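>>> have a look; sequence and predicted model below, questions after that.
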Amino acid sequence: MASAKATMGQEKQDHFVLKSGHAMPAVGLGTWRAGSDTAHSVQTAITEAGYRHVDTAAEYGVEKEVGKGLRAAMEAGIDRKDLFVTSKLWCTNLVPERVRPALESTLKDLQLDYIDLYHIHWPFRLKDGAHKPPEAGEVLEFDMEGVWKEMENLVKDGLVKDIGVCNYTVTKLDRLLRSAKIPPAVCQMEMHPGWKNDKMFEACKKRGIHVTAYSPLGSSEKNLAHDPVVEKVANKLNKTPGQVLIRWALQRGTSVIPKSSKDERIKENIQVFGWEIPEEDLKVLCSIKDEKRVLTGEELFVNKTHGPYKSASEVWDHEN
């Protein structure tokens with residue numbers, strides 16, 4: 001099981017040690033919907049705020065900008081070996097012969113020789129040019145075992161240090177583990193006090209898979225930073241609501257990838273070490289009612305008429 005580990009000399013930045021033995025920084029910069037200032041945000045996060053983890057994906061459309069930010073940070077004196085870069089394989093490339101070319105494209109855009117963690121972004125294969133939501137015939141059969149074997153080959157060839165999955169269910173995770181020679185090091189999933197995702201979280205813990213929480217502040221419909229329970233805890237601790245939500249994720253045992261394009265917020269979001277949320281306040285935060293996910297998968301995969309997934313519940317294997 002991954003364990004928290006403080007690393008000296010790196011802005012007191014805590015890490016989790018993965019099954020592979022590699023250290024993963026506990027807080028990373030998320031880049032989903034990051035926009036035109038992505039390069040600046042990445043450079044600022046690394047050189048001014050002390051981040052050492054940047055999370056991106058081909059589907060976000062910002063990998064070139066992330067690459068510019070990484071390059072600027074390295075030119076400013078940050079060693080590549082001290083950075084942890086995560087990216088993801090998109091659904092249209094979920095066939096064995098496309099895995100390596102997709103990764104090579106990501107490496108080119110990021111201006112890197114290797115990345116630290118490469119995820120399967122979603123466990124569903126989409127036809128090139130698929131609509132959102134998909135039309136009939138645009139969700140294709142996914143050869144999970146064949147794709148994972150190619151992911152494993154990326155590790156063997158030194159192009160990727162660790163491989164993982166995003167947005168999996170227990171059912172899909174167990175299917176993958178039956179054939180995997182290199183098990184997923186990390187599972188990335190939506191997780192916050194308004195969507196604790198307990199079933200999948202516990203499944204990963206039992207299987208020794210580290211969890212990264214995305215969307216730690218909740219959904220746009222119910223931004224937890226404005227939740228009165230969160231605000232009360234934040235006021236008590238003299239912290240921002242965002243810091244409390246990120247710290248909640250860390251104390252739960254997950255790494256976390258908050259996203260912001262504002263310099264001040266980027267810097268605030270990593271000021272979550274050297275203090276803790278007291279146990280009684282943790283319990284209060286955990287009592288916030290689960291409402292709904294930010295990403296249900298409905299927009300990407302559900303076709304209520306033609307299927308094969310006619311509801312968000314089917315996307316999530318009826319597990320929650």
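Thanks, I have the structure now. Numbers count the residues shown, from 1 in each chain.
>>> tell me where the stretch 1-150 of the chain is predicted with low confidence.
1-13 (pLDDT under 70).
>>> quick one: the strands in it?
3-6, 14-17, 23-25, 29-30, 53-55, 84-89, 115-120, 125-126, 139-140 (DSSP state E, counting those that start in this stretch).
>>> for Cys286, find the nearest of those.
Each of the strands of the stretch 1-150 of the chain has some distance to Cys286 by Cβ to Cβ; the shortest is strand 3-6, at 18.7 Å. Glycine gets a C-beta too; all of them are placed from N, C-alpha and C.
>>> in a markdown table: the strands of the stretch 1-150 of the chain, plus distance to Val66.
Conversion of those to a markdown table gives the following (distance: least, Cβ to Cβ, whole Å):
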| stretch | distance to Val66 |
| --- | --- |
| strand 3-6 | 26 |
| strand 14-17 | 21 |
| strand 23-25 | 16 |
| strand 29-30 | 9 |
| strand 53-55 | 6 |
| strand 84-89 | 8 |
| strand 115-120 | 11 |
| strand 125-126 | 23 |
| strand 139-140 | 28 |
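>>> dump the ones you listed to JSON lines, plus distance to Phe273 and mean neighbour count.
As requested, the strands of the stretch 1-150 of the chain are exported to JSON lines (distance: least, Cβ to Cβ, whole Å; neighbours: other Cβ atoms under 10 Å):
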{"stretch": "strand 3-6", "distance to Phe273": "8", "mean neighbour count": "12"}
{"stretch": "strand 14-17", "distance to Phe273": "6", "mean neighbour count": "19"}
{"stretch": "strand 23-25", "distance to Phe273": "11", "mean neighbour count": "23"}
{"stretch": "strand 29-30", "distance to Phe273": "16", "mean neighbour count": "26"}
{"stretch": "strand 53-55", "distance to Phe273": "14", "mean neighbour count": "27"}
{"stretch": "strand 84-89", "distance to Phe273": "16", "mean neighbour count": "26"}
{"stretch": "strand 115-120", "distance to Phe273": "21", "mean neighbour count": "25"}
{"stretch": "strand 125-126", "distance to Phe273": "39", "mean neighbour count": "21"}
{"stretch": "strand 139-140", "distance to Phe273": "42", "mean neighbour count": "20"}
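>>> so which of those comes closest to Gly158?
Of the strands of the stretch 1-150 of the chain, nearest to Gly158 by Cβ to Cβ is strand 115-120, at 10.9 Å.
>>> report the inter-axis angle for that closest one versus strand 84-89.
Angle between the axes of strand 115-120 and strand 84-89 is 30 degrees (criterion: axes from the mean of the first three to the mean of the last three Cα atoms, to 10 degrees).
>>> pull up the pairing partners for strand 115-120, direction included.
Applying DSSP bridges, strand 115-120 is found paired with strand 84-89 (parallel), strand 160-166 (parallel).
>>> of all the strands of the stretch 1-150 of the chain, which lies closest to Pro193?
strand 29-30 (17.7 Å).
>>> beta-bridge partners for His192, please?
With DSSP bridges as the rule, His192 is bridged to Trp195.
>>> distance of it relative to Glu141?
33 Å (Cβ to Cβ, to the nearest Å).
>>> which of the two has more residues huddled nearby?
More crowded of His192 and Glu141, by other Cβ atoms under 10 Å: His192, with 27 against 9.
>>> who's in contact with the more buried one?
Ala213, Ser215, Pro216, Leu217, Gly218, Leu224, Leu245, Trp248, Ala249 (Cβ atoms under 8 Å, 6 or more residues apart in numbering).
>>> closest to Ser105 among those?
For the contacts of His192, the minimum distance to Ser105 (Cβ to Cβ) is 26.0 Å, reached by Ser215.
>>> wait, the closest one touches Val256, no?
No - look at Ser215 against Val256 with Cβ atoms under 8 Å: they stay out of range, at 9.7 Å.
>>> okay, the two: which has more neighbours?
Higher neighbour count among Ser215 and Val256: Val256, with 27 against 23, using other Cβ under 10 Å.
>>> what distance do you get for the closest residue to Pro25 other than its chain neighbours to Glu135?
Nearest non-adjacent residue to Pro25, counting by Cβ to Cβ, 6 or more residues apart in numbering: His53, 3.8 Å away. Plainly put, His53 is 37 Å away from Glu135 if you go by Cβ to Cβ.
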